[in-house]
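**Student:** Test case, fold it:
(one chain, ligands or ions: 1)
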Amino acid sequence: MSDDVIAVDGLRKEFTVRVRAGRLRRTKRTVRAVDGVDLRVARGEMLGYIGPNGAGKSTTLKILTGVLTPSAGTVRVCGLRPVPQRTRLALRIGVVFGQRSQLWWDLPLRDSFDLLRHIYRVPADAHAARLRRCRDLLDLDAFLDTPVRQLSLGQRMRGELTAALLHGPEVLFLDEPTIGLDVVSKQAVRGFLAELDRAGDTTLVLTTHDLADIERLCRRLVVVDHGRVVHDGSIAALHARYGSPRMVVAELDTPLTVPPVLPGAPLLRTEADGHRLVFSCESATAAQVVASLAGLATLRDISIVEPDIEEVVARLYGR
Ligand SMILES: Nc1ncnc2c1ncn2[C@@H]1O[C@H](COP(=O)(O)OP(=O)(O)OP(=O)(O)O)[C@@H](O)[C@H]1O
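**Tutor:** Prediction:
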């Protein structure tokens, strides 16, 4: 039996929207938000789900969590059909939607956690152990007794993560969990998710516009655009497929009088009055670039710059 906790085949979702057609008339138009997505996520995987605005990420997450009914295709999460088996599914998944809260606005955070324990009927010792772990890893103690409405966004997000995990879900869905957070809170959230991933018993699906989240957390990246999957694989595979070469930055003792021409590695730019040369390793390896250059100049220092994921993704979205 396969151990996929998420199995999606031929998923489509269409919305009918009314648009103005002249001063008084309105006509209907169909928006295809998800257009034939196939996806398998294995137990314990951590998946980054990214794409430009309007690509269909939130719609897909809403379908996976049973909030929206698909127009076509089959969806199984923990072996369940999300909409018809929504109540059973709720016990097995956790959801953090950056824009929406599952906490009680006027209650202290601690009371929200207590209410959730009753709603999900979590045994007291399991609840206490999970809360203990979240308190430690997310540094909650300073604001556990503060009403939710008085929390900063970063504090609230740490509370949301805890709330989503107290019933011990098998899958955690996170929609933009670091949006709007300051650097410290972002680090806290990322550190916590990395720890959850290391522990290996929770499957994580994360949508984000912050590619640093993806780089730090996800081994697997799914890129969607116009409702379709355009890449599914590692970040390294993304770089390899969309051709973003590494760069070699060479510091020279003395600038060269003629710009060097190296096979397979065009010179991108010259900096520091010719003391620094930047090459792109198009078809040459970094080692070959360094070897060729060493025959032409005295090298003081060499560094290899890995391609920037932002650039690759921007290129991919622009296609
Ligand atoms: N309830 C709705 N009614 C009509 N159209 C909708 C609805 N929800 C989403 N859409 C449309 O479906 C498409 C996909 O939207 P979705 O919110 O899934 O994208 P997204 O990838 O999450 O975008 P973002 O990164 O901006 O959050 C968009 O064109 C959006 O306008």
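**Student:** Would you map the helices across the stretch 201-319 of the chain?
**Tutor:** Applying DSSP state H, counting those that start in this stretch to the stretch 201-319 of the chain gives helices spanning 211-217, 235-241, 286-294, 309-318.
**Student:** Spatially, which residue comes closest to Glu170, not counting chain neighbours?
**Tutor:** Leaving aside its sequence neighbours, Glu170 sits nearest to Arg92 (Cβ to Cβ, 6 or more residues apart in numbering; 5.1 Å). To be clear about C-beta, it is placed using only N, CA and C from the backbone, and glycine gets the same treatment.
**Student:** Which residues are in contact with the one you found?
**Tutor:** The contact partners of Arg92, taken as Cβ atoms under 8 Å, 6 or more residues apart in numbering, are Val77, Cys78, Leu80, Pro169, Glu170, Val171.
**Student:** what about 6 Å?
**Tutor:** Residues in contact with Arg92 (Cβ atoms under 6 Å, 6 or more residues apart in numbering) are Cys78, Pro169, Glu170.
**Student:** what does the stretch 51-200 of the chain put close to the ligand?
**Tutor:** Gly51, Asn53, Gly54, Ala55, Gly56, Lys57, Ser58, Thr59 (Cβ under 6 Å from any ligand atom).
**Student:** Could you grab the helix/strand/coil label for the second one?
**Tutor:** Assigned with DSSP: H, G, I helix; E, B strand; the rest coil, Asn53 falls in the coil class.
**Student:** I'd like the distance between it and Arg26.
**Tutor:** Asn53 sits 24 Å away from Arg26, going by Cβ to Cβ, to the nearest Å.
**Student:** what do you get for the fourth one?
**Tutor:** Computed as Cβ to Cβ, the Ala55 to Arg26 distance reads 26 Å.
**Student:** Looking at the two, which is more packed in?
**Tutor:** Comparing Ala55 with Arg26 by other Cβ atoms under 10 Å, the one with more neighbours is Ala55, at 22 against 11.
**Student:** Could you count how many residues lie near Ile93?
**Tutor:** 24.
**Student:** ok, now how distant is it from Val258?
**Tutor:** 63 Å.
**Student:** Please apply the same query to Arg26.
**Tutor:** 67 Å.
**Student:** same deal with Arg220?
**Tutor:** Distance from Arg220 to Val258, by Cβ to Cβ: 46 Å.
**Student:** Ala240 now?
**Tutor:** Distance from Ala240 to Val258, by Cβ to Cβ: 33 Å.
**Student:** Also Cys281?
**Tutor:** To Val258, Cys281 is 21 Å away according to Cβ to Cβ.
**Student:** who has more neighbours, the two?
**Tutor:** For Cys281 versus Val258, neighbours defined as other Cβ under 10 Å are more numerous around Cys281 (21 against 6).
**Student:** which helix is the longest one in the protein?
**Tutor:** Secondary structure of the chain per DSSP state H: the longest helix is helix 183-199.
**Student:** Give me the most central residue, this protein.
**Tutor:** Nearest to the mean C-alpha position of the chain, counting by Cα atoms, centre = their mean, stands Gly48 at 3.7 Å.
**Student:** residues near the spatially closest residue to that residue that is not a sequence neighbour, how many?
**Tutor:** For Gly48, ignoring the flanking residues on the chain, the nearest one in space by Cβ to Cβ, 6+ apart is Cys218 at 3.5 Å. Per other Cβ under 10 Å, the neighbour tally for Cys218 reads 23.
**Student:** try Thr257
**Tutor:** Neighbours of Thr257 (other Cβ under 10 Å): 6.
**Student:** what ranges do the helices span in the stretch 1-150 of the chain?
**Tutor:** Ranges of helices in the stretch 1-150 of the chain, per DSSP H, counting those that start in this stretch, are 57-64, 86-90, 109-119, 124-138.
**Student:** Please look at Ala7 and Arg76 and confirm they touch.
**Tutor:** Yes: if you go by Cβ atoms under 6 Å, Ala7 and Arg76 touch, sitting 4.5 Å apart.
**Student:** what is Gly94 paired to in the beta sheet?
**Tutor:** Beta bridges link Gly94 to Leu172 when assigned by DSSP bridges.
**Student:** mind listing what it touches?
**Tutor:** Contact analysis of Gly94 by Cβ under 6 Å, 6+ apart lists Ala164, Leu165, Pro169, Leu172.
**Student:** Show me the residues you listed that map onto helices.
**Tutor:** Judged by DSSP H, those include Ala164, Leu165 as members of helices.
**Student:** Just put the contacts of Gly94 in TSV and tack on pLDDT, neighbour count and distance to His127.
**Tutor:** TSV is the format used below for the contacts of Gly94 (pLDDT from 0 to 100; neighbours: other Cβ atoms under 10 Å; distance: Cβ to Cβ, whole Å):
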residue	pLDDT	neighbour count	distance to His127
Ala164	96	21	14
Leu165	95	21	11
Pro169	96	20	13
Leu172	97	21	17
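**Student:** would you turn the contacts of Gly94 into TSV with distance to Gly295?
**Tutor:** Shown next, in TSV, are those (distance: Cβ to Cβ, whole Å):
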residue	distance to Gly295
Ala164	58
Leu165	58
Pro169	59
Leu172	54
